[in-house]
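Colleague: Sequence and predicted structure below; questions after.
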Amino acid sequence: MKISVIGCGYLGAVHAASMAKLGHDVIGIDVDKAKVEALSQGKAPFFEPGLPELLVEGVQSGSLRFSTNMSDASDAVTHFIAVGTPQQKNGSGADLAYVNGAVDALLPHLKAGDLVVGKSTVPVGTAERLAAIVEPTGAQLAWNPEFLREGYAVKDTISPDRLVYGVRRNAGDGLNSKARSELVNSDRSAVDILNEVYEHAVSLGTPLVVTDYATAELVKVAANAFLATKISFINAMAEIAEVTGGDVTELADAIGYDARIGRKFLNAGVGFGGGCLPKDIRAFTARAEELGRGESLAFLKEVDAINLRRRDRVVELVVDALGGSAYQKKVAVLGLAFKPNSDDIRDSPALDVAVRLHGLGARVIATDPEAISNSRLRHPQLAFGSTVEALADADAVVLVTEWTEYKDLDPARVASAVRSPVIVDGRNCLDPGAWRAAGWRYIGLGRR
Ligand code: UGA
């Protein structure tokens, strides 16, 4: 199928490359020239395992092209909208400027029978509004939320754990009868087209939910709100464990054995970040307030507050570990990305901790396997270095992104590099026994 993907960021670039891998003929469109040039040469503009290989394969075979020119989307019959919906500059709602701009720019290139598929995370009600703009061209609109996780994006796109299609229940409502019959009788339904796009996943028996626009939009934000709540729940338990002498990791293991609860997403630590969970719970809350149902999601404000408190706590623990003042002390910050296997620093708790310690006068040397260049652009005031440079003569170490190479550090060897063997494990990912045995003062979050 001829497919266009509008927006080639973390979501769109992976979607475009994965669609090409699945045998489609794909054009990715983005306004950012440098990004399009890199992608056209098969180079990934960000770190995502497995993506470079797919880009090279697609570009070399000719099934994957990139352009800054929207008219190159004219040949495609299915158009994915994969642009960002960041938090508004002056509010907590989602900024829909890119989605609206993408649809407006695409409109002149749409033809009867085309399908526009929204992938971006949007406030409920957006699809209904956009359908009214798209349908007069004879094209249809579907909403098909994306559940990919950064770091596993290729796998999650090619083999998703579920597919959700939000489709128009009464296609053409509001159109005149001729336009409506053209639309309704257009070659194939949105569901048929999406089933062809996702033939690989569908043939493997991937669960499929076909629903209306509102439900599809809500599924996405509800899923992220649930995940954020799960993390803040266990972080709230960590806060209680801290004042009672309990251990949140053992608590998580014990409640996680209950299949109704499950152990996943119950890792207490410095909290969640990234380009999705934080802004999605804020936008969802703002939308509920607009809908007069603010009280239904008021708890998400608490989820956000618990999450942000964890960053304060990590900084506090580091300062305590330094004897009450960070001033002029050398601190090794291990990790900058919001999670491992990513170079994404959007709303990263790790980067936030580094910046705050720097603000307290500490001599921070921050390190990360992939996220240093993004961090340097955002916070040029910070000093960055290799793991060895960060650890050398450090007065304290704080681990804030659980990259495998940090989890695998040998506590005895690291002890001989630092000035003072004290570590704050902001991800509760190290073995306290092993570190203590090597002479370290180990401090976890909510751990004994
Ligand atoms: C999240 C969702 O997991 C995806 O399903 C969704 O598609 C995506 O947002 C999106 O909306 O696009 P992602 O932001 O890539 O994916 O990252 P997650 O793996 O969900 O991690 C989010 C944050 O939670 C990270 O900072 C991570 O360190 C933190 N986390 C995760 C914890 O603090 N504890 C845990 O137990 C799990």
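Modeller: That came through fine.
Colleague: What segments of this structure are strands?
Modeller: 2-6, 25-29, 64-67, 78-81, 115-118, 140-143, 163-167, 208-211, 330-334, 363-367, 383-384, 396-399, 422-425, 441-443 (DSSP state E).
Colleague: Same list, those, but as JSON lines with distance to the ligand please.
Modeller: Any C-beta I mention is one placed from the backbone N, CA and C, and that applies to glycine too. JSON lines is the format used below for the strands of the chain (distance: least, C-beta to the nearest ligand atom, whole Å):
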{"stretch": "strand 2-6", "distance to the ligand": "15"}
{"stretch": "strand 25-29", "distance to the ligand": "18"}
{"stretch": "strand 64-67", "distance to the ligand": "21"}
{"stretch": "strand 78-81", "distance to the ligand": "14"}
{"stretch": "strand 115-118", "distance to the ligand": "14"}
{"stretch": "strand 140-143", "distance to the ligand": "14"}
{"stretch": "strand 163-167", "distance to the ligand": "12"}
{"stretch": "strand 208-211", "distance to the ligand": "15"}
{"stretch": "strand 330-334", "distance to the ligand": "14"}
{"stretch": "strand 363-367", "distance to the ligand": "17"}
{"stretch": "strand 383-384", "distance to the ligand": "20"}
{"stretch": "strand 396-399", "distance to the ligand": "12"}
{"stretch": "strand 422-425", "distance to the ligand": "13"}
{"stretch": "strand 441-443", "distance to the ligand": "17"}
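Colleague: Just put the ones you listed in a markdown table and tack on mean neighbour count and mean pLDDT.
Modeller: Formatted as a markdown table, the strands of the chain follow (neighbours: other C-beta atoms under 10 Å; pLDDT from 0 to 100):
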| stretch | mean neighbour count | mean pLDDT |
| --- | --- | --- |
| strand 2-6 | 26 | 98 |
| strand 25-29 | 25 | 98 |
| strand 64-67 | 22 | 98 |
| strand 78-81 | 27 | 98 |
| strand 115-118 | 27 | 98 |
| strand 140-143 | 28 | 98 |
| strand 163-167 | 23 | 98 |
| strand 208-211 | 15 | 97 |
| strand 330-334 | 27 | 98 |
| strand 363-367 | 24 | 98 |
| strand 383-384 | 18 | 98 |
| strand 396-399 | 27 | 98 |
| strand 422-425 | 26 | 98 |
| strand 441-443 | 18 | 98 |
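Colleague: Residue 41: how many residues sit nearby?
Modeller: 11 (other C-beta atoms under 10 Å).
Colleague: Residue 59 is in contact with that one, correct?
Modeller: Yes - with contact defined as C-beta atoms under 8 Å, residue 41 and residue 59 form a contacting pair (7.2 Å).
Colleague: Tell me who's in contact with residue 191.
Modeller: By C-beta atoms under 8 Å, 6 or more residues apart in numbering, the residues touching residue 191 are 165, 167, 210.
Colleague: And the residue nearest to the last one when sequence neighbours are not counted, how close does it get to residue 278?
Modeller: The shortest distance from residue 210 to any non-neighbouring residue, by C-beta to C-beta, 6 or more residues apart in numbering, is to residue 165 (4.9 Å). Relative to residue 278, residue 165 is positioned 27 Å away (C-beta to C-beta, to the nearest Å).
Colleague: before we move on, what about residue 398?
Modeller: Distance from residue 398 to residue 278, by C-beta to C-beta: 21 Å.
Colleague: Then residue 98?
Modeller: 18 Å.
Colleague: And the two? Which one has more around it.
Modeller: Counted by other C-beta under 10 Å, residue 98 and residue 278 do not tie: residue 278 has more neighbours, with 23 against 19.
Colleague: Per-residue pLDDT of that one, please?
Modeller: Reported pLDDT at residue 278 in the predicted model: 98.
Colleague: nearest spatial neighbour of it, skipping sequence neighbours?
Modeller: For residue 278, ignoring the flanking residues on the chain, the nearest one in space by C-beta to C-beta, 6+ apart is residue 347 at 4.7 Å.
Colleague: before we move on, what about residue 82?
Modeller: Residue 82's closest residue in space is residue 12 (C-beta to C-beta, 6+ apart), at 3.4 Å.
Colleague: so that neighbour sits right up against residue 5, yeah?
Modeller: Yes - with contacts counted by C-beta under 8 Å, residue 12 reaches residue 5, the gap being 4.9 Å.
Colleague: what's the closest residue to residue 101 other than its chain neighbours in contact with, if anything?
Modeller: In space, and not counting its chain neighbours, residue 101 is closest to residue 83: 7.7 Å by C-beta to C-beta, 6+ apart. Residue 83 is in contact with 6-7, 9, 12, 98-99, 101-102, 120, counting by C-beta under 8 Å, 6+ apart.
Colleague: what about residue 136, how many neighbours?
Modeller: Neighbours of residue 136 using other C-beta under 10 Å come to 15.
Colleague: Residue 78 and residue 54: what is the separation?
Modeller: 19 Å.
Colleague: just to revisit the earlier point, per-residue pLDDT, the residue nearest to residue 101?
Modeller: Reported pLDDT for residue 83: 98.
Colleague: Residue 387 versus that one, what's the distance?
Modeller: Taking C-beta to C-beta, one finds residue 83 at 36 Å from residue 387.
Colleague: With residue 194 instead?
Modeller: Taking C-beta to C-beta, one finds residue 194 at 45 Å from residue 387.
Colleague: So for those two, which residue has more residues nearby?
Modeller: Higher neighbour count among residue 194 and residue 387: residue 194, with 23 against 19, using other C-beta under 10 Å.
Colleague: OK, contacts around the residue of the stretch 51-200 of the chain found nearest the ligand?
Modeller: Nearest to the ligand, among the residues of the stretch 51-200 of the chain, is residue 150, at 3.6 Å (C-beta to the nearest ligand atom). Neighbour list for residue 150: 10, 48, 274, 339, 341-342, 344 [criterion: C-beta under 8 Å, 6+ apart].
Colleague: any chance you could map the helices in the stretch 1-150 of the chain?
Modeller: Ranges of helices in the stretch 1-150 of the chain, per DSSP state H, counting those that start in this stretch, are 12-21, 33-40, 51-61, 97-106, 126-134.
Colleague: So what's the residue count around residue 169?
Modeller: Neighbour number of residue 169 under other C-beta under 10 Å is 10.
Colleague: if I read this right, it contacts residue 210, doesn't it?
Modeller: No - using C-beta under 8 Å, residue 169 makes no contact with residue 210, being 10.6 Å away.
Colleague: interface residues of the stretch 51-200 of the chain facing the ligand?
Modeller: 121, 146-150 (C-beta under 6 Å from any ligand atom).
Colleague: and the residues you listed as CSV, adding pLDDT?
Modeller: Converted to CSV, these look like this (pLDDT from 0 to 100):
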residue, pLDDT
121, 97
146, 96
147, 97
148, 96
149, 96
150, 95
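Colleague: residues contacting the residue in the stretch 301-448 of the chain that the ligand sits nearest to?
Modeller: Among all residues of the stretch 301-448 of the chain, residue 339 sits closest to the ligand, at 3.9 Å; criterion: C-beta to the nearest ligand atom. Residues counted as contacts of residue 339 (C-beta under 8 Å, 6+ apart) are 150-151, 273-274, 401-402.
Colleague: That's all I had, so thanks and see you.
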